[in-house]
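Chemist: sequence unknown, structure follows:
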């Protein structure tokens, strides 16, 4: 597709309808899969799609599902996810995925239909101010009012979505523009002069970073989703740099997989539900090199006690992330891969003897020896941690992709499922969107039809987007939904236990559906397991089933997700064993 | 921000300055000239950033300044701690159609001007006094009736405020101000 348009002479002008311009532009951008839902204001585009080969359209059951599917697709392929929805409710249903993609820096192009231009502002049927509504939650948005600007706008949208700090871009296309005839222009030469993200690091920042590294006795790499966004090369460079330096590595939730969890210098995840060793290393380090992370409040804990004795280097492509939460000594504004390559080169060129890291490793080993993820297993009831551990053991040798919903199960997945490769882990980190996992799994499976794609879910989250199982069945996307069913909105219940005197207000999952019957009703396969002895066999049954599966894994109801940094506390004040109820001070109670 | 209530440094002598106890930082006033592509919604993006992230706008002016290049200049007067001001600038630059942010206050070459239209009504001695003061301030009279004047006054914001204060006992009726405009001295652009 791409080669077709490239071979055409640039001077040749192509005249076509706005709807055809949309399809042509998508093909030129290399779009192979899109997620959408038709409606009145996008019918011309759907009509153009009807006559077109080369783009697979996945019809979802709710527009929010299209958005999360596009996010999952984008996260696993590195290419922008594309969705197509109608005006009004189609667009407003997309707001959550747009905000989600913005928070997690996921490249996405959202095409929304709009009422014809002469009806805009009249409160027409299915009209809403889409650009107004999405302005603050998208990286950029457009309302196209001239068909001759449509192709250029679409190419610009792709450029903005995937470059710099990636994010969602909305293109709102009125119906009359879709019908109108105009000129198509190719993507070559399309640019936005006001938009010029910095990708190459400043040499002074690199040499200052390496200066610090030459004297660091207690260094740590704190890595994040920016490495995944930067592409597989950034992960390779991180591994190489780690290999040369021997520094221990921790990562945010979003960055899992950039550094192999099987590596001996892997500390585990950092933050509220991160590992004891990672959080203590962050607290006690003398040099923190932050690569593509943003000092989120889930990571830092109490800011005024955050890593008090370290020098901090912050590599980020977005200057606004630097010094936003934590003041750093050396900002490196650059793409992660570029910065890592430059640091690697500079570090290798310095011949002076580097400090011995053995005492630091020994200290870390003492923290490791606490085995912070230990839990009391049981023969009679399935522990959720055990369920994820077994899932990991039984799927680790396959090409497996994991998505999650949001809550306790998400944290257990991050703690007990281990990733050695980037782009294998899709989760809603910043916005924390329940309902993300199943549609994201649909998007991931669309990108990797033969891989094993599992949504590790909770029984509450899954009910926010269960309808997308039907999408999976229709499009033969054999996603597996592994529900850790504890009959509670577990994280809400845990916070109520911690903060609100065990008054469990509206956090019990009453009148749960029979997930097995629900799966069957939707054309999928249902499995239930409540016996630890049968767990392995049933997980194998799930893996071997050729179609979509809902796995209702009945787990211990009162299990808390530990370890935990209570809100308002510092990295070295983790709760390890069990919750007593007095961990959170008055200041912490007001935090989220 | 989650700091604040307990912004005490941890034990030991920290080598880097990380406890951003923002409360201790003084609030400063800052004039920013924001150069933007004049496209639909650009003002809403800029203003929405301020309201969405809880920043202040004391004054705002906007107009297209380059018709051929469709470039507009937005001058914003804002307030905040140095940390917040740094964030404001960085966040503004995240907006796709924002090309440049010029810090007028930080520059020694910055000039700020405002224009005001001031209506004063009165008779007798008050009316004469109003006219006399307007001459001291080099204001123009752009409309007059037997019982009123409209003065046009250009200058620094403080000068306009001072003039308005002086007019108050003399029959001040109404004030219209443009908000602050800014530019830098010298031959260079930006």
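Modeler: Perfect, thanks for sending it. Quick caveat, the model's predicted, so the values are computed rather than measured. Numbering: from 1, shown residues only, chains lettered A, B, ... in the order given.

Chemist: How much space separates the residue positioned nearest the centre of chain B from chain A?
Modeler: Centroid check for chain B by C-alpha atoms, centre = their mean gives residue B:77 as the closest residue, at 3.1 Å. Here residue B:77 is placed at a distance of 21 Å from chain A (C-beta to the nearest C-beta, to the nearest Å). In this view, the C-beta of every residue, glycine as well, is placed from N, C-alpha and C.

Chemist: Can you classify that residue by secondary structure?
Modeler: In three-state terms, and counting by DSSP: H, G, I helix; E, B strand; the rest coil, residue B:77 is strand.

Chemist: Need the single longest strand in chain B, by residues.
Modeler: strand B:110-121 (DSSP state E).

Chemist: following it, which helix or strand comes up?
Modeler: Downstream of strand B:110-121, the first helix or strand assigned by DSSP states H and E is helix B:124-136.

Chemist: The helix or strand that that following helix is followed by pairs with which strands, parallel or anti?
Modeler: Using DSSP H and E, the next helix or strand after helix B:124-136 towards the C-terminus is strand B:140-145. Here strand B:140-145 is paired, per DSSP bridges, with strand B:148-155 (antiparallel).

Chemist: Just want the angle from the partner strand to strand B:110-121.
Modeler: Orientation check (axes from the mean of the first three to the mean of the last three C-alpha atoms, to 10 degrees): strand B:148-155 against strand B:110-121 gives 170 degrees.

Chemist: tell me which residues of the helix or strand following strand B:148-155 are tucked away?
Modeler: Counting by DSSP H and E, the next helix or strand C-terminal to strand B:148-155 is helix B:157-167. The neighbour-count check on helix B:157-167 (16 or more other C-beta atoms under 10 Å in any protein chain shown) flags B:157, B:159, B:160, B:163, B:164, B:166, B:167 as buried.

Chemist: now, which of those sits nearest chain A?
Modeler: residue B:157 (28.7 Å; C-beta to the nearest C-beta).

Chemist: Report the spatially closest residue to the closest one, excluding sequence-adjacent ones.
Modeler: Spatial nearest neighbour of residue B:157, chain neighbours left out: residue B:114 (4.9 Å); criterion: C-beta to C-beta, 6 or more residues apart in numbering or on different chains.

Chemist: Test my guess that that neighbour contacts residue B:161.
Modeler: No - with contact defined as C-beta atoms under 8 Å, residue B:114 does not reach residue B:161; the gap is 9.3 Å.

Chemist: okay, the closest residue to residue B:142 other than its chain neighbours: pLDDT?
Modeler: Closest residue to residue B:142 apart from its sequence neighbours, by C-beta to C-beta, 6+ apart: residue B:152 at 4.8 Å. In the predicted model, residue B:152 carries a pLDDT score of 98.

Chemist: so how far is residue A:539 from residue B:152?
Modeler: The gap separating residue B:152 from residue A:539 is 80 Å, by C-beta to C-beta, to the nearest Å.

Chemist: and what of residue A:212?
Modeler: From residue A:212 to residue A:539 the distance is 46 Å (C-beta to C-beta).

Chemist: Neighbour count: the two, which is higher?
Modeler: Taking other C-beta atoms under 10 Å in any protein chain shown, residue A:212 and residue A:539 do not tie; residue A:539 has more neighbours (23 against 19).

Chemist: three-state assignment of that one?
Modeler: Secondary structure for residue A:539, judged by three-state DSSP, is helix.

Chemist: Check what contacts whichever helix or strand residue A:214 is part of and list those residues.
Modeler: Assigning secondary structure by DSSP H and E places residue A:214 in helix A:203-215. Defining contact as C-beta atoms under 8 Å, 6 or more residues apart in numbering or on different chains, one finds that helix A:203-215 is touched by A:219, A:245, A:287, A:289, A:311, A:313, A:329-334, A:339, A:342-343, A:346-347, A:350, A:352, A:354-355.

Chemist: Among those residues, name the ones that also lie close to chain B.
Modeler: A:311, A:329 (C-beta under 8 Å from any C-beta of the partner chain).

Chemist: what about burial for the contacts of helix A:203-215, which qualify?
Modeler: Neighbour counting with 16+ other C-beta under 10 Å marks A:219, A:245, A:287, A:289, A:311, A:313, A:329-334, A:339, A:342-343, A:346-347, A:354 as buried within the contacts of helix A:203-215.

Chemist: In helices, which of those residues fall?
Modeler: A:245, A:339, A:342, A:343, A:346, A:347 (DSSP state H).

Chemist: Among the residues you listed, which one sits closest to chain B?
Modeler: Closest approach to chain B among these (C-beta to the nearest C-beta): residue A:339, at 18.0 Å.

Chemist: where in chain A is pLDDT low?
Modeler: Scanning chain A for pLDDT under 70 picks out A:1-13, A:580-581.

Chemist: If we use 90, what do you get?
Modeler: Scanning chain A for pLDDT under 90 picks out the ranges A:1-13, A:51, A:193, A:301, A:498-499, A:566-569, A:575-592.

Chemist: can you check chain B too?
Modeler: Applying pLDDT under 90 to chain B flags the ranges B:1-25, B:107-108, B:188-190.

Chemist: Which residue lies closest in space to residue B:85, excluding its sequence neighbours?
Modeler: Using C-beta to C-beta, 6+ apart and skipping residues adjacent in sequence, the residue nearest residue B:85 is residue B:30, 5.3 Å away.

Chemist: Correct me if wrong: the one you found contacts residue B:82.
Modeler: No - taking C-beta under 8 Å as the definition, residue B:30 is not a contact partner of residue B:82, at 9.3 Å.

Chemist: Show me what counts as buried in whichever strand or helix holds residue A:96.
Modeler: Here residue A:96, judged by DSSP H and E, is contained in helix A:95-103. Residues of helix A:95-103 classed as buried: A:95, A:96, A:97, A:98, A:99, A:100, A:101, A:102, A:103 (neighbour count, 16+ other C-beta under 10 Å).

Chemist: now stretch A:86-94
Modeler: A:86, A:87, A:88, A:90, A:91, A:92, A:93, A:94.

Chemist: between the residues you listed, which is nearest chain B?
Modeler: Looking across the buried residues of stretch A:86-94 and measuring by C-beta to the nearest C-beta, the closest to chain B is residue A:91, at 15.3 Å.

Chemist: element containing the closest one, please.
Modeler: Taking DSSP H and E as the definition, residue A:91 sits inside helix A:89-92.

Chemist: do residue A:526 as well
Modeler: Here residue A:526, judged by DSSP H and E, is contained in strand A:525-529.

Chemist: what does residue A:566 give?
Modeler: Counting by DSSP H and E, residue A:566 is part of no helix or strand.

Chemist: Please name the residues that touch it.
Modeler: By C-beta under 8 Å, 6+ apart, the residues touching residue A:566 are A:498, A:573, A:575, A:583, A:584, A:588.

Chemist: likewise residue A:328?
Modeler: Contact partners of residue A:328, counting by C-beta under 8 Å, 6+ apart, are A:290, A:312, A:313, A:314, A:322.

Chemist: Go again with 7 Å.
Modeler: A:312, A:313, A:314, A:322 (C-beta atoms under 7 Å, 6 or more residues apart in numbering or on different chains).

Chemist: So the last one sits against residue A:331, correct?
Modeler: In this case it means residue A:322. Yes - shown here, residue A:322 and residue A:331 form a contact pair, counting by C-beta atoms under 7 Å, at 4.3 Å.

Chemist: what touches both of those two?
Modeler: Common contacts of residue A:322 and residue A:331, defined by C-beta under 7 Å, 6+ apart, comprise residue A:314.

Chemist: buried sites along stretch B:69-80?
Modeler: Buried residues in stretch B:69-80, defined by neighbour count with 16+ other C-beta under 10 Å: B:71, B:72, B:73, B:74, B:75, B:76, B:77, B:78, B:80.

Chemist: Pick out the most distant pair among those residues.
Modeler: Greatest spacing in the buried residues of stretch B:69-80, by C-beta to C-beta: B:71 and B:80 (26.3 Å).
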